[in-house]
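*Asks:* fold the stuff below for me.
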Amino acid sequence: MQSILLSSQEQAWLHMASAQRVASKQWLEALDHYQCSALTLLTDLPNVSVELNELKAAIAPGLVEKAINWACSNPAHHLVYFGSSFYPDALKQLVSPPLVLFVIGEPELLKKPQVAIVGSRRASNAGKTTAQEFAQGLSAVGITVTSGLATGIDSAAHRGGLTGNGRTIAVMGTGPDVIYPSKNKALANSIVDAGGAIISEFFPGQGPKPWHFPRRNRIIAALSMGTVVVEAKIKSGTLITANLAADLGKEVFAVPGSIFHAYTEGCHWLIQQGAKLVTKVNDIFDEFAIEPQQLSLGVDVEKQKSEVNSLATDKLLASVDYDITAIDVIAQRNAVTVDKVMASLLEYELRGLVAAVPGGYVKLRGK
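*Replies:* Numbers count the residues shown, from 1 in each chain. Next up, the predicted model:
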């Protein structure tokens with residue numbers, strides 16, 4: 001085994017994350033209350049409360065040991081903890097964000113502009129083709145495609161993401177060493193080899209459990225600027241992801257299909273609820289005010305980098321509804337101050353993307 005030492009802070013966050021019957025927000029509240037580091041919270045505080053001692057009692061040393069062994073076994077294995085520079089701010093919007101992410105591949109990819117593509121495991125050939133083509137279009141302009149490594153739409157999205165200038169991220173509902181389904185091991189290896197990433201909040205050795213996948217879905221929704229749904233039943237994990245994205249103020253896109261196909265009912269329901277109907281990848285670019293040619297391979301590198309990075313701020317535009325949206329609601333959805341929201345909204349208004357109305361702002365149709 002290659003020796004890769006973990007810092008004391010990394011180990012402290014691992015210890016907290018191993019207490020899996022404790023919501024992560026309880027640890028974060030304790031850190032905020034004591035105004036200290038994770039290491040200090042666990043080792044150096046005198047006269048701690050009964051509540052903190054109860055949190056410490058839930059720590060699972062066995063899981064911590066497995067995690068350390070996993071991290072030390074391969075230089076491509078990374079621990080991204082809540083306070084690290086690689087930890088994406090987008091996940092901090094969650095009520096109980098993961099304290100630690102286990103990453104195989106490129107951890108810096110977590111903070112890049114992403115669009116999620118999700119859908120049915122039992123997708124039609126047409127659905128899988130659509131997902132792959134959308135992913136290819138996004139990847140071609142440098143956008144990372146995020147999905148859940150499941151069969152069907154997820155797998156097609158990852159394959160499409162492998163073909164372009166961008167990368168693809170697979171968020172798993174198992175430990176980082178347990179590829180599920182097992183037939184996607186080759187696809188998982190291809191994702192990492194191509195500069196992408198496999199990520200999970202579950203500890204090494206943990207297999208698939210029914211309750212793992214809704215937790216996985218919240219990470220997919222939070223990481224991405226928007227979520228594209230390609231084929232989904234009304235009652236499905238895919239719609240959970242879409243609803244989570246909407247709750248976070250992210251854009252939701254749905255691909256329509258035959259009214260006689262059960263696997264398009266979910267997409268049609270989402271459209272009825274206000275999701276944007278999309279039939280081509282340019283429809284997604286329109287929502288984020290991006291011209292595809294701006295990000296083509298022939299443009300200047302610095303210009304390309306600037307325009308791709310600007311996607312990170314367009315989530316604010318996505319949080320403005322077509323109905324009147326109050327300024328404080330927009331600020332809350334983006335976890336920023338009202339002053340910053342006002343400055344961005346003024347820019348969007350000048351660009352013709354939103355309009356000021358009594359009570360707030362509205363997004364202009366077709367934007």
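*Asks:* just checking, what packs against the longest helix along the chain?
*Replies:* Across the chain, the longest stretch assigned as helix under DSSP state H is helix 125-140. In terms of contacts (3 or more Cβ pairs under 8 Å, 6 or more residues apart in numbering; DSSP states H and E), helix 125-140 is packed against strand 114-119, strand 144-147, helix 153-161, strand 226-230, helix 281-287. Glycine gets a C-beta too; all of them are placed from N, C-alpha and C.
*Asks:* and the next helix or strand past the longest one?
*Replies:* In the C-terminal direction, the helix or strand that comes right after helix 153-161 (DSSP states H and E) is strand 168-171.
*Asks:* that following strand pairs with which strands, and in what direction?
*Replies:* Using DSSP bridges, the strands paired with strand 168-171 are strand 144-147 (parallel), strand 197-200 (parallel).
*Asks:* quick check: which of these is nearest to residue 276?
*Replies:* When the strands paired with strand 168-171 are compared by Cβ to Cβ, strand 144-147 sits nearest residue 276, at 17.8 Å.
*Asks:* for that closest one, give me every contacting residue.
*Replies:* Contacting residues not belonging to strand 144-147 are listed as 109, 112-118, 135, 138-139, 153-154, 157-158, 160-161, 166-171, 196, 220, 223-224 [Cβ atoms under 8 Å, 6 or more residues apart in numbering].
*Asks:* redo that, cut-off 7 Å
*Replies:* With Cβ atoms under 7 Å, 6 or more residues apart in numbering as the test, strand 144-147 has contacts from 109, 112-118, 135, 138-139, 154, 157-158, 160-161, 166-171, 220, 223-224.
*Asks:* checking the closest residue to residue 77 other than its chain neighbours next. Helix, strand or coil?
*Replies:* The shortest distance from residue 77 to any non-neighbouring residue, by Cβ to Cβ, 6 or more residues apart in numbering, is to residue 71 (5.2 Å). Judged by DSSP: H, G, I helix; E, B strand; the rest coil, the three-state class of residue 71 is helix.
*Asks:* do you know how far residue 71 is from residue 103?
*Replies:* Remark: distance between residue 71 and residue 103 (Cβ to Cβ, to the nearest Å) = 10 Å.
*Asks:* try residue 14
*Replies:* Counting by Cβ to Cβ, the gap from residue 14 to residue 103 is 14 Å.
*Asks:* same thing with residue 27?
*Replies:* 20 Å.
*Asks:* OK, contacts around the most centrally placed residue in the chain?
*Replies:* Centroid check for the chain by Cα atoms, centre = their mean gives residue 223 as the closest residue, at 2.1 Å. Applying Cβ under 7 Å, 6+ apart, we find residue 223 in contact with 88, 90-91, 110, 114, 146.
*Asks:* now, which of those residues sits nearest residue 327?
*Replies:* Within the contacts of residue 223, the smallest distance to residue 327 is 21.3 Å, found for residue 90 (Cβ to Cβ).
*Asks:* and the closest one, what is it in contact with?
*Replies:* Residue 90 sits next to 222-223 when contact means Cβ under 7 Å, 6+ apart.
*Asks:* buried residues of the longest helix of the chain, list them for me.
*Replies:* Of all the residues in helix 125-140, those buried under the rule 16 or more other Cβ atoms under 10 Å are 127-128, 130-140.
*Asks:* ditto for stretch 231-242
*Replies:* By neighbour count on 16+ other Cβ under 10 Å, the buried set for stretch 231-242 is 231-233, 236-242.
*Asks:* just the residues contacting it, thanks.
*Replies:* For stretch 231-242, the external contacting residues (Cβ under 7 Å, 6+ apart) are 118-120, 123-124, 127, 153, 213-214, 217, 220-221, 227, 229, 252, 257, 262-267, 269-270.
*Asks:* and it, what's its mean pLDDT?
*Replies:* The average pLDDT for stretch 231-242 rounds to 90.
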